[in-house]
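Enquirer: Here you go, sequence then predicted model.
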Amino acid sequence: MTERRVVKTAIGQPTSDGAGVRLTRVIGTPDLDHLDPFLLLDEFKSDRPGDYLAGFPDHPHRGFETVTYMLAGSMRHQDHVGNRGELVAGSVQWMTAGRGIIHSEMPQQKDGLMWGFQLWVNLPARDKMTAPRYQDIPPERVPTVALADGVSARVLVGEAGGVSGPVAGIATQPLYLDVTMAPRSRLSHELPAGHSTFAYVFNGRARFGPLEDSTVVATGQLAVLGDGELLNVATGDAAARFLLLAARPLREPIARYGPFVMNTREEILKAVEDYQRGTLLG
Ligand code: CO
């Protein structure tokens, strides 16, 4: 089997979004614009209320999916058609915006640590105007599976170690794992060839790739993995925890403007017009 190796590493850039939430953008930067079908990855992590209290008031999306995975703290999601969900530590929300949603994501705490990730996953042209769909998954529905000695993973979507995650029916057949590795442990994991794959280390450090040609990836670094069927990861003296993502690339034109991601400029103009006229949702 061909082993995947690290072809690029990137570090996030501090920025702010929503009404002034400070976060680190890891995908969607000048250094790493996108990794088809992944359009954006943000990590928000702060115990300073001023960094997150403003939240993400009402804003629209069209043409892709937003995925929120919480490690600490809680946020309330609400939209214009009455859906409401609590995003608590360990939960995941997979929201297929499709033709349009207008929603808010607001902190439900006045202090303490707020930590999580938002990922944007593109939709194929045929699904961009589909009806919106929410999959709100509470922490207890996310299975943890042992993948090797000292290695476990929470399976959000896709399959690992014979266990399937609770999020289902996603066009790009994604895998989304939260992997924890003890010091001096090894993981050898099969991934579908041809699928775009990256790892984002958010604690500790690990070596990714074949033993003879591995790359150390440390906290705050994202590793883009080249093609292959097998991924080897090893830790040394330090433990590691990282997100491992893979999905089928769409290879379609991307037209992107703020919260809208379509295939053409005309479709973007239509989305902006629909939003301004109040007809985004149909
Ligand atoms: Co949003």
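Expert: Thanks, I have the structure now.

Enquirer: so who does Leu280 touch?
Expert: 60, 62, 99-100, 102, 271, 274 (CB atoms under 8 Å, 6 or more residues apart in numbering). In this view, the C-beta of every residue, glycine as well, is placed from N, C-alpha and C.

Enquirer: Could you identify the longest helix within the chain?
Expert: Identified as the longest helix of the chain according to DSSP state H is helix 265-277.

Enquirer: helices or strands up against it?
Expert: Here helix 265-277 touches strand 255-257, strand 260-262, going by 3 or more CB pairs under 8 Å, 6 or more residues apart in numbering; DSSP states H and E.

Enquirer: pLDDT of the first one, averaged?
Expert: What it means is strand 255-257. The pLDDT scores in strand 255-257 average 97.

Enquirer: Describe which strands it pairs with in its sheet and in which direction.
Expert: Under the criterion DSSP bridges, strand 255-257 sits next to strand 260-262 (antiparallel) in its sheet.

Enquirer: What separation do you get for the residue nearest the centre of the chain and Pro253?
Expert: Taking CA atoms, centre = their mean, the centroid of the chain lies closest to Leu119, which sits 2.9 Å from it. Distance check for Leu119 against Pro253: by CB to CB, to the nearest Å, it reads 21 Å.

Enquirer: So for Arg141, what pLDDT did the model give?
Expert: Reported pLDDT at Arg141 in the predicted model: 98.

Enquirer: I meant Gly82, not that one.
Expert: 88.

Enquirer: Start the count at 585 instead of 1 going forward.
Expert: OK, 585 is where the count begins now, so the last one is Gly666.

Enquirer: quick one: the helices in the stretch 585-734 of the chain?
Expert: Using DSSP state H, counting those that start in this stretch, the helices assigned to the stretch 585-734 of the chain run over residues 633-636.
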